[in-house]
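Novice: requesting a structural model of the entry that follows:
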Amino acid sequence: MNKNKKKQGFTLLEIMIVVAIIGLLATIAIPAFMAARTKSQTNVCISGLRQISSAKEQWALSAFKRDGYTVLDSDKSGADGIDSFIKGGEPTCPADGAYTYQPIGTNPTCNVSGHVHK
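Specialist: Next comes the predicted model:
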């Protein structure tokens, strides 16, 4: 009765081929994923710099500050601070960078290279 019963399963060669294909796909996909992640972080940081720049200019108009005025830490927070002009408060750089507001009339900066507001 059990003469024609065949064992089911994968051979070692088949498993090795599948593992090799998965490894090949991973070596192609991982660098592309890392490049996309870096590009995304740069775009989010630049967006944050634009928000700060816009809020800084709005704040300067409402506080009667002229170009060249150095933004102080006390100017950033509080009910009448620059951060009140940014929805959700001061943005953060996803690449663990730090923003510097810079004087009125100049663009804010991030300390991560390549994160530049144009």
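Novice: show me where pLDDT drops low in the protein?
Specialist: 1-6 (pLDDT under 70).
Novice: what ranges do the strands span in it?
Specialist: Using DSSP state E, the strands of the chain run over residues 99-100, 109-110.
Novice: among those, which is nearest Arg37?
Specialist: Taking CB to CB, strand 109-110 is the member of these nearest to Arg37, at 16.8 Å. C-beta: built from backbone N, CA, C; applies to glycine.
Novice: what lines up beside the closest one in the sheet?
Specialist: Applying DSSP bridges to the sheet, strand 109-110 is found paired with strand 99-100 (antiparallel).
Novice: okay, which residue is most central for the protein?
Specialist: Closest residue to the average C-alpha location of the chain: Gln41 at 2.3 Å, with CA atoms, centre = their mean.
Novice: circling back to that earlier point, go through the strands of the chain and pick out the most buried.
Specialist: Each of those was assessed for mean neighbour count using mean count of other CB atoms under 10 Å. The highest is strand 109-110, with a mean of 19.
Novice: before we move on, back to that, check contacts around the residue nearest to the centre of the chain.
Specialist: Cys93, Pro94, Ala95 (CB atoms under 8 Å, 6 or more residues apart in numbering).
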